[in-house]
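here is my input; please provide its structure:
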Amino acid sequence: MREHVEQKIWNAIVIRNFGSPLHSWEWARAKELSGETVKWFMIDDDRGFIAVPIMVRSKLRVIRAGWIPHGIPYKGELGYVKKRLKQFLYANGLAALVTSFYGFMNASQLPESFLRINCGKSTETLVLRLTGETEDTLLKRFNKTTRKHIRRAEQQGIQCENLKDRDFQHFWEFYEKFTIQNRFEPFITYPIFKRLIMLSNDSSFGLNYIAKKAVREGLTMGYLIALQMGERAQELMRIDLDSFKNEGVGPKFLTWAVIRSALERGVSIYDFGGVRRDVLPGIYQFKRGFGGELKRSNSFYKILFTI
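From the prediction side, this is the model:
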C-alpha cells in the first residue's frame, strides 16, 4: 500500500512540474526492477516540489555519477531545492550529476553555484502544440505532402489499431531485427520494455502509453509507441517495415493516428522523440512535415558539487 501511495504522490509532482515521461515513477521502477540502480529524489513540502529519478552510472572510474534525462523540473525556492539536492547526492555517494535540458528546460534553471561543464553535443526535438487545436486545424498545419499521404492511406484502406497484450511481443521481435539490420544498440532492453508496459498499463494516475499498429489487408506494416505523462506525450519507439516505409503514406498515417489519440486525451504537447538533422535528414523532414516547432537543448551538462 505504501508503494502505491508513493507512486501516486511521485507522479502528481512530475505532472505538476510538467516533467518528462522519463521522470515518471513507472519509468524509474522499470529500470530498477531490471537491475539498474535508481536513487529517488523527491521534495514535497511548502518550500519545494520536485521528483526526479537519478540513474547511477559507474562508467566514470574516478567518481560515481548520477544521470537525469530531460533536465531537472522543479517548483519552489531555488536555494532550498539546490541544498536538498546536494545533500541527497552526497548521502548517496554521488559527486557529479549529468543531465540535459531537453525541449522545455534550460540551463538558467540550474542553481547559480553549480559548476556546469558542457560535455556533449546539443540535442534537438520537434514538438507539436495541441492546446486549442482540433483535427481539422492540425491538418492545416501539416505540410501539403503529409496531408496528401494521410488521405492516400485512408483511400488504400490502411487501418490503425491499438496494440493488445500479445502485440508487444511481436513488436519487440520486429524491433530486435531492425536494430541488428541497422547496426545500432537498443536504448532499452526487453526486460525494461516489458516492465514499463506492464506498469504503465496498470497505472490510472501516472504514465500511460499510446501504442498503435498500422494494418493493411490483415498484415501489420508498422508500430508506434508513445508515452504520456499528464499533458505531455513523447514518441518512444517505432518500426516501419521496409515495403511500408518506402511507400511513404503509411508511416505518416500511423503518426497521425497517435497524434489524434493524444489530442483526444487532452495532451497539450506532443514530442516527436528527438531529431538528428545532420545524421538522419530524411527522418527530420518526415517529422517536420507535421508542423512541429524545433527545440534545441543546451547540450548535456556535467554538474560537479563541492560539499
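
name the element the residue nearest to the spatial centre of the chain belongs to?
Against the mean C-alpha coordinate of the chain, by CA atoms, centre = their mean, the closest residue is Gln234 at 4.5 Å. Gln234 is part of strand 232-240, with elements assigned from DSSP states H and E.

so what are the domain limits for this structure?
The chain resolves into domains spanning 2-122+297-304, 125-296 when parsed by automatic domain parsing.

which of these has the lowest average pLDDT?
Mean pLDDT values for the domains of the chain show the minimum at domain 2-122+297-304, a mean of 77.

can you pull the contacts of Arg276?
Residues in contact with Arg276 (CB atoms under 8 Å, 6 or more residues apart in numbering) are 124, 283-284. From N, CA and C alone the C-beta is placed, and that goes for glycine too.

now these as CSV including secondary structure and neighbour count?
Shown next, in CSV, are these (DSSP: H, G, I helix; E, B strand; the rest coil; neighbours: other CB atoms under 10 Å):
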residue, secondary structure, neighbour count
Glu124, strand, 17
Ile283, helix, 14
Tyr284, helix, 19
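
could those be laid out in CSV, adding distance to Asn208?
Formatted as CSV, the contacts of Arg276 follow (distance: CB to CB, whole Å):
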residue, distance to Asn208
Glu124, 26
Ile283, 25
Tyr284, 27
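
of those residues, closest to Trp40?
Glu124 (29.4 Å; CB to CB).

so which strand or helix has the residue lying closest to Leu85 once chain neighbours are set aside?
In this structure, Leu85 finds its nearest non-sequential neighbour in Phe41, 6.6 Å apart by CB to CB, 6 or more residues apart in numbering. Element membership for Phe41, per DSSP H and E: strand 38-45.

mind listing the strands for the stretch 1-150 of the chain?
38-45, 48-57, 65-68, 75-76, 96-100, 115-118, 124-129 (DSSP state E, counting those that start in this stretch).

okay, those strands in TSV with distance to Tyr175 next?
Shown next, in TSV, are those (distance: least, CB to CB, whole Å):
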stretch	distance to Tyr175
strand 38-45	24
strand 48-57	22
strand 65-68	23
strand 75-76	37
strand 96-100	24
strand 115-118	33
strand 124-129	21
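
other SSEs contacting whichever strand or helix holds Gln181?
Using DSSP H and E, Gln181 sits in helix 165-182. Counting contacts by 3 or more CB pairs under 8 Å, 6 or more residues apart in numbering; DSSP states H and E, helix 165-182 packs against helix 190-201, strand 207-216, strand 219-229, strand 232-240.

and the third one, how far from the chain's centre?
Here strand 219-229 shows a centroid-to-chain-centroid distance of 13 Å under the convention CA atoms, centre = their mean, to the nearest Å.

what does the longest one give?
Computed by CA atoms, centre = their mean, the chain-centroid distance of helix 190-201 equals 14 Å.

returning to that earlier point: for Val258, find the nearest of the strands of the stretch 1-150 of the chain.
When the strands of the stretch 1-150 of the chain are compared by CB to CB, strand 124-129 sits nearest Val258, at 11.0 Å.

just the CA trace of that closest one, in CSV.
The C-alpha coordinates for strand 124-129 follow below in CSV (Å, rounded to 0.1, in the frame of the first residue of the first chain):
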residue,chain,number,x,y,z
GLU,A,124,17.1,18.6,-30.8
THR,A,125,13.5,17.6,-31.0
LEU,A,126,10.3,18.7,-32.7
VAL,A,127,7.2,19.5,-30.6
LEU,A,128,3.6,19.9,-31.8
ARG,A,129,1.4,22.1,-29.6
